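> sequence first, predicted coordinates after that:
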Amino acid sequence: MTEGEKRYLDVINPATGETVGSVPEYTTEDVSGAVDRAEGGFFEWSEKSVRFRSVVLFRAAELVREEQGRLSELLTSEQGKILPEAKNEVQGFANVLEYYASISGTVAGDAFPKSDYGYAFTKKEPLGVCGAIIPWNMPVLIMAWKVGPALAAGNSLVLKPSGKTPLTAIEISKIMKKAGLPEGVLEIVTGRGETTGRAVAENRKISALSFTGSVRTGDEIEKKSCGTKKRLTLELGGSDPMVVCSDADIDMAVSGAASGRFYNCGQTCTAVKRLFLFEDIADEFIEKLKTKTAAIRVGNGHLKGVRMGPMNSQKGLSDIERIIDESKRGGDEILSGGNRLTGAEFESGNFFEPTIIKNPYEKSNLLNEEIFGPVLPVVVVGGMDEAVEYANKTKFGLGASVWTKSLKNAYSFSDSVDAGIVWVNKHLKIPPEVPFGGEKASGTGRENGLSALDRYMREKTVIISP
C-alpha cells in the first residue's frame with residue numbers, strides 16, 4: 001500500500017490471511033540515511049567501555065524476557081509458528097544477548113617477545129558499521145545471532161528483517177534502546193530484498209554483512225557486494241540428513257525425527273530434511289514415526305493444543321504441493337499426509353499435513369534440494385557406508401545427525417559427513433556458545449560462539465621500537 005509518496009508493505013498472518021501491520025519500504029536513499037546514522041552511532045558506541053556495553057546488552061536481555069509474552073504473541077501472528085515455539089525463540093534472543101554480554105570483555109590480542117624490532121602486540125578493534133539481512137523463518141533468534149556479536153564487539157548494525165516478519169524485530173529494537181543503546185547503534189530498515197536488501201549489500205560504508213537465506217539470494221548478495229570489500233558471512237540453508245543406526249534408542253530417535261522435521265512447520269535451515277534408516281530397524285521405526293506424526297494437531301499457532309502452525313506463505317504452500325505432486329507421479333509411497341488441509345478452520349491460512357514419504361526416487365527434489373515445509377523423505381539403507389554416501393549426495397553441507405550408542409559410529413559419521421555441525425543422538429538445537437555454519441553451498445563463515453565475535457573485529461599489529 002502507499003501513504004502519500006511513501007510505499008508500505010503489509011504483514012500478513014499466515015494462519016488467517018489478516019493484515020497484522022505494515023512497514024515502510026526503504027529506498028536506496030533511506031538505507032543510506034540509516035547507514036549514516038549508524039556511522040554516528042558507531043563513534044559513540046565504540047568509545048564506550050566494554051563494561052558499559054555489556055551492561056546495556058544484559059539489560060536488553062532482561063527487558064526482552066519481561067516482554068516475552070507480548071513479543072511471542074506478535075511473532076506467532078506474523079510468522080505463524082505455534083506460541084510455545086515463539087516463546088522459546090524470544091527466550092533464545094535473550095540467551096544469545098547474555099552470552100555475548102558475558103564474553104565481550106575476554107577479547108584480547110597477542111604479545112610477542114622483544115626482538116631487534118622492539119616490542120610487538122596485536123589488539124582487536126570493531127569494524128565500524130555492519131549490516132545484516134535476516135529471513136522470516138526464525139526472525140528473532142537469527143536477529144540475535146547478528147546483533148549479539150556485532151554490538152558486543154563495538155560495532156553499529158544496520159539490520160534488514162524479512163518483509164514478511166519485520167514487526168517483532170522492530171519491537172525488540174525499541175526495547176534495546178530503552179535498555180540504553182544509543183541512537184544509531186541499531187538501525188532497522190524494512191522493505192523488499194530486491195530494493196532494500198540490495199541497497200544494504202551495495203552500500204560501501206558497511207564493513208561486514210551477515211546474511212541468512214536461500215542459496216539463490218546468497219549468490220546475489222555476493223554479486224552485489226563485489227567491489228565493496230565487505231566481510232561476508234553467508235548461511236544459505238541445507239538438506240540435513242539424519243541417520244539412525246541399528247543400535248539406536250528407537251523411541252528417542254523417533255521423537256527426534258518428528259520434532260526435528262515438523263518444528264516450525266519444517267521451515268528451519270537445520271531441520272531434519274532427509275531420514276536414513278538402517279534396514280533392520282526400519283519397519284519398527286516407520287510405524288512409530290507414523291503414529292507420532294498422526295498425533296500432530298495442525299492449526300492456528302495461538303490456539304492451545306496445536307503442535308504445528310501454517311506455512312508462512314501461499315508460495316511456500318504451493319511449492320510443497322508441487323513437490324508432492326512430482327513425488328506421486330514418480331511412484332513414491334506416501335506413508336502419511338500429503339495434502340493441503342481444508343475446512344472452515346483452515347480455509348484462510350496456509351496449512352499442510354505433516355507428511356512422510358518412503359524411498360523417493362533417486363533424483364527426486366526431496367533428496368537433492370532444500371525442502372522448506374512439513375515433508376520428510378525416509379530412505380532405507382544397508383549400513384553406514386550407504387548412509388554417508390546418501391548424506392553427502394547434495395550440494396548442501398549445513399547440519400547432520402547420527403543416532404547410535406556406538407562411539408565408533410559417532411566418530412565415523414562425524415569424520416565422513418560434509419556438514420558444518422554434526423549432532424549425535426540429537427538434532428536441531430544450537431546453543432549460543434558453539435559455532436554454527438555450513439560447507440559447500442550452505443555458505444561461508446560462522447555464527448555464534450567466539451567465531452562470530454571474531455568476524456566482527458579486525459586485528460591490528462602494533463610494534464614499539466626501543
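That came through fine. Residues are numbered from 1 along each chain as shown.
> buried residues, stretch 288-305. List them.
Buried residues in stretch 288-305, defined by neighbour count with 16 or more other CB atoms under 10 Å: Lys288, Leu289, Lys292, Thr293, Ile296, Val298, Gly299, Asn300, Gly301, His302. Where C-beta positions appear, they are placed from N, C-alpha and C, glycine not excepted.
> same question, stretch 35-45
Val35, Arg37, Ala38, Glu39, Gly41, Phe42, Trp45.
> please name every helix or strand in contact with the helix or strand harbouring the first one.
In other words, Val35. Assigned by DSSP states H and E, Val35 falls within helix 28-47. Packing partners of helix 28-47 (3 or more CB pairs under 8 Å, 6 or more residues apart in numbering; DSSP states H and E): strand 129-133, strand 156-160, strand 186-188, helix 198-202.
> what's the third one in contact with?
The set of residues external to strand 186-188 that reach it, using CB atoms under 8 Å, 6 or more residues apart in numbering, is 34-35, 37-38, 41, 147, 151, 156-161, 166, 169-170, 173, 176-177.
> where does this protein dip in pLDDT?
1-4 (pLDDT under 70).
> redo that, cut-off 80
For the chain, applying pLDDT under 80 flags the ranges 1-5, 114-115, 466.
> can I get the helices and strands packed on helix 28-47 in CSV with distance to Thr228 and mean neighbour count?
Putting those into CSV (distance: least, CB to CB, whole Å; neighbours: other CB atoms under 10 Å) gives the following:
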stretch, distance to Thr228, mean neighbour count
strand 129-133, 10, 27
strand 156-160, 14, 28
strand 186-188, 18, 23
helix 198-202, 7, 23
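> need those in a markdown table with distance to Ile320, can you?
Shown next, in a markdown table, are the helices and strands packed on helix 28-47 (distance: least, CB to CB, whole Å):
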| stretch | distance to Ile320 |
| --- | --- |
| strand 129-133 | 24 |
| strand 156-160 | 26 |
| strand 186-188 | 31 |
| helix 198-202 | 28 |
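> and of those, who's closest to Arg340?
strand 129-133 (30.5 Å; CB to CB).
> now find how far off-centre that closest one is within its chain.
Relative to the chain's own centre, strand 129-133 is displaced by 16 Å; criterion: CA atoms, centre = their mean, to the nearest Å.
> give the partner strands of that strand in its sheet and their orientations.
strand 156-160 (parallel), strand 208-212 (parallel) (DSSP bridges).
> and it, C-alpha only, in PDB?
In PDB, the C-alpha atoms belonging to strand 129-133 read as follows (Å, rounded to 0.1, in the frame of the first residue of the first chain):
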ATOM      1  CA  VAL A 129      29.100   0.000  10.500                       C
ATOM      2  CA  CYS A 130      28.000  -3.600   9.900                       C
ATOM      3  CA  GLY A 131      25.000  -5.000   8.000                       C
ATOM      4  CA  ALA A 132      22.600  -7.900   8.500                       C
ATOM      5  CA  ILE A 133      19.800  -9.400   6.400                       C
END
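> contacts for it?
The contact list for strand 129-133 (CB under 8 Å, 6+ apart) reads 35, 38-39, 42, 143, 146-147, 150, 155-160, 193, 197, 200-201, 203, 205-213, 221, 230, 456.
> and if we set it to 7 Å?
Residues outside strand 129-133 that contact it (CB atoms under 7 Å, 6 or more residues apart in numbering) are 35, 38-39, 42, 146, 150, 155-160, 197, 200, 205-211, 213, 456.
> likewise stretch 274-282?
239, 241-246, 250, 257, 285, 367, 376-383, 387, 390-391.
> quick one: the helices in the stretch 351-466 of the chain?
Ranges of helices in the stretch 351-466 of the chain, per DSSP state H, counting those that start in this stretch, are 365-368, 384-391, 407-416, 449-455.
> for the second one, buried residues please.
Within helix 384-391, the residues that qualify as buried are Met384, Glu386, Ala387, Val388, Tyr390, Ala391, counting by 16+ other CB under 10 Å.
> which one among those residues gets closest to Val185?
Ala391 (42.1 Å).
> so what's the closest one up against?
Pro241, Val243, Phe276, Ala400, Val417.
> dump the residues you listed to JSON lines, plus distance to Arg70 and neighbour count.
Below are these laid out as JSON lines (distance: CB to CB, whole Å; neighbours: other CB atoms under 10 Å):
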{"residue": "Pro241", "distance to Arg70": "38", "neighbour count": "29"}
{"residue": "Val243", "distance to Arg70": "41", "neighbour count": "27"}
{"residue": "Phe276", "distance to Arg70": "42", "neighbour count": "23"}
{"residue": "Ala400", "distance to Arg70": "37", "neighbour count": "30"}
{"residue": "Val417", "distance to Arg70": "41", "neighbour count": "21"}
